[in-house]
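> Fold the following.
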Amino acid sequence: MDTIVILIITALVALYIALPFFLRKKDYINKTVESLRSINEVDRLTSLNNQKETLYSAIRDIDFDYGLGKLSKDDYEELNNKYRDEAASVLKEIDEYQKLEEQSGSLTPDQKLEQEISSYRKISTSSKSDDVLLEEEISAFRSANQASLTSDKCSKCGAECNAEDMFCSKCGAELNK
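Prediction:
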């Protein structure tokens, strides 16, 4: 009885592990397409921006490789044109997406962030006294720091030394305090 249960469990585990190998590729592609369609619009814009950055990086790499002589002129022109065309289509999609967002009246995350920043700046401009106080404190600290670093001269070689130095940095003589 125990052997039968173990065999059944083993068969189920093996079937579970091997199942992805038996799924047809078309089913996998259909599932992938369905999952991509379920991505919301903000994720779509993020995806387009990531594609844009990837294409820009590929173009920079191609330029770099061509400059080093790793690519022939024909290969360079072919790859460069290919990636530039893809980048242009991605930029066009981004523009179309942003136009749709503007027409629908909803704001993109970047636009929302810009609004929040501008509202914060309007609030914080009224408290300029904090900025002025901070600048005054910084100025006071700098002047106090400069006063403590007044220079002295070495009695042996005449080189200038800081007030907190115990020995001359030029000749090594002990400084008189």
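> Give me the three-state assignment for residue 172.
When classified by DSSP: H, G, I helix; E, B strand; the rest coil, residue 172 comes out as coil.
> Report the next helix or strand after the helix or strand bottoming out on mean pLDDT in the chain in sequence order.
Using mean pLDDT, DSSP states H and E, the weakest-scoring helix or strand in the chain turns out to be helix 25-37, at a mean of 58. Along the chain past helix 25-37, the next helix or strand (assigned with DSSP states H and E) turns out to be helix 41-68.
> Now the next helix or strand after that following helix: average pLDDT?
Towards the C-terminus, the helix or strand next in line after helix 41-68, according to DSSP H and E, is helix 73-104. Mean pLDDT, helix 73-104: 86.
> helices and strands around helix 73-104, which ones?
Contacting helix 73-104 under the criterion 3 or more Cβ pairs under 8 Å, 6 or more residues apart in numbering; DSSP states H and E are the following elements: helix 41-68. Every residue, glycine included, has its C-beta placed from N, CA and C.
> buried set for the helix it packs on?
Across helix 41-68, burial judged by 16 or more other Cβ atoms under 10 Å covers 45, 48, 51-52, 55, 58-59, 62, 66.
> Would you mind checking the average pLDDT for the host helix or strand of residue 132?
Residue 132 is located in helix 128-148, with elements delineated by DSSP H and E. Confidence over helix 128-148, taken as the mean pLDDT, stands at 71.
> and what of stretch 9-18?
84.
> Just the CA atoms of it, as CSV, please.
Presented in CSV, the C-alpha positions along stretch 9-18 are these (Å, rounded to 0.1, in the frame of the first residue of the first chain):
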residue,chain,number,x,y,z
ILE,A,9,3.2,10.9,-5.5
THR,A,10,6.4,10.4,-7.6
ALA,A,11,4.4,10.2,-10.8
LEU,A,12,2.5,13.4,-9.9
VAL,A,13,5.7,15.3,-9.1
ALA,A,14,7.3,14.1,-12.3
LEU,A,15,4.3,15.2,-14.3
TYR,A,16,4.3,18.6,-12.6
ILE,A,17,8.0,19.1,-13.4
ALA,A,18,7.7,17.8,-17.0
